[in-house]
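S.K.: What would the 3D arrangement of this be:
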Amino acid sequence: MSFGLRKSASNGWCRNPPISEDQQQEKVEEVRRVVGPLPEKLSIYCSNASISRYLRAQNWDTKKATKMLEQSLKWRLEYKPEEIRWDQVASEAETGNMYRAPYTDKQGRAVLVMRPICQNSKSTIGSQIRYLVYCMENAIMNLEPSQEAMAWLIDFRGCSLSNISVKIARETAHILQYYYPGRLSYVILYNPPKFFESFWRVVKRFLDPRIANKVKFVCSENQSSVKIMEDLFDMDKLDSAFGGRGGELVFDINRLVERMREDDKKMRSFWGNLNACEADKCSSCEAHGPEVCPGCNLAMANI
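M.R.: Residues are numbered from 1 along each chain as shown. The predicted model follows:
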């Protein structure tokens, strides 16, 4: 049985694991033993797939992976990302600066669209990061079963130096690298302005090289870089802002509100059902392990 520990098209963390699948599973179990018993949602979060992402991030070093996972669990216990709801972040989203696209890439990865020029000027760093975390949790929940990582599309149209922040970039990198390892497949920087080169040199210093390598610069006037988009997306569905033929995707806050509130219901139901399954010690869960519980129809790949 595979626990998703090999390199997939979505994660990109380790092309050829240096150890066998059995050894990988042993390391997963070792991390679980060291971490010990956990309460409620934290125990659910530590699925085989989740632990394996931390191991891949630390090159299968169980000591480092355990420390990283424990720090992440502490953050989740305090920050409670799975409990953030739309009404708590709606004011940050109203300008259309970031949202989950109504399409996926060719592999079924959820896509977060970001537009720096639409950044809400009234928001604080804390509120921006909270909305980012909400969007990432939402994207993860909407991944296809075969995927474990999302994609980011950043549209730089009209962007000026005042629309980007090193502080925000640093905090985003920290959240992504330490609390969501293996959850980012790639980032498309679409038509970045000339001044972004110096900004990127600064940001790259505090990025894990594996994250930095996921960043792709795409210029609409360069045919070779445009091919990157053609390889990753169905161009008939991709909106024209990114060179697609799907027409201009006009940001509609009312449609976004409707989608996000529906997703909030799914998120609430998802974690509520998982807690019920945990409390009832579902026999199907015990038989099939923490990855999938067909008895209560819960897919753990999205945790």
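
S.K.: all helices for the chain, in order.
M.R.: 21-35, 40-45, 48-57, 62-79, 86-93, 125-141, 166-179, 196-204, 209-212, 223-232, 253-280, 283-288 (DSSP state H).

S.K.: The fourth one versus helix 166-179: what angle between them?
M.R.: Think helix 62-79. 120 degrees (axes from the mean of the first three to the mean of the last three CA atoms, to 10 degrees).

S.K.: buried ones in helix 62-79?
M.R.: 62, 65-66, 68-69, 72-73, 76 (16 or more other CB atoms under 10 Å). (Each C-beta comes from the backbone N, C-alpha and C, glycine too.)

S.K.: List just the one of the helices of the chain that sits closest to Asp105.
M.R.: For Asp105, the closest of the helices of the chain is helix 223-232, at 5.1 Å, according to CB to CB.

S.K.: before we move on, the earlier item: most tightly packed of the helices of the chain?
M.R.: The highest average neighbour count among those, using mean count of other CB atoms under 10 Å, belongs to helix 48-57 at a mean of 24.

S.K.: Turn the helices of the chain into TSV, including mean pLDDT and distance to Leu238.
M.R.: Converted to TSV, the helices of the chain look like this (pLDDT from 0 to 100; distance: least, CB to CB, whole Å):
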stretch	mean pLDDT	distance to Leu238
helix 21-35	96	36
helix 40-45	86	33
helix 48-57	96	28
helix 62-79	97	33
helix 86-93	94	22
helix 125-141	96	17
helix 166-179	96	24
helix 196-204	95	22
helix 209-212	94	24
helix 223-232	92	7
helix 253-280	79	18
helix 283-288	41	37
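
S.K.: Just put the ones you listed in JSON lines and tack on distance to Phe156.
M.R.: Converted to JSON lines, the helices of the chain look like this (distance: least, CB to CB, whole Å):
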{"stretch": "helix 21-35", "distance to Phe156": "39"}
{"stretch": "helix 40-45", "distance to Phe156": "34"}
{"stretch": "helix 48-57", "distance to Phe156": "29"}
{"stretch": "helix 62-79", "distance to Phe156": "29"}
{"stretch": "helix 86-93", "distance to Phe156": "19"}
{"stretch": "helix 125-141", "distance to Phe156": "17"}
{"stretch": "helix 166-179", "distance to Phe156": "14"}
{"stretch": "helix 196-204", "distance to Phe156": "7"}
{"stretch": "helix 209-212", "distance to Phe156": "18"}
{"stretch": "helix 223-232", "distance to Phe156": "14"}
{"stretch": "helix 253-280", "distance to Phe156": "21"}
{"stretch": "helix 283-288", "distance to Phe156": "45"}
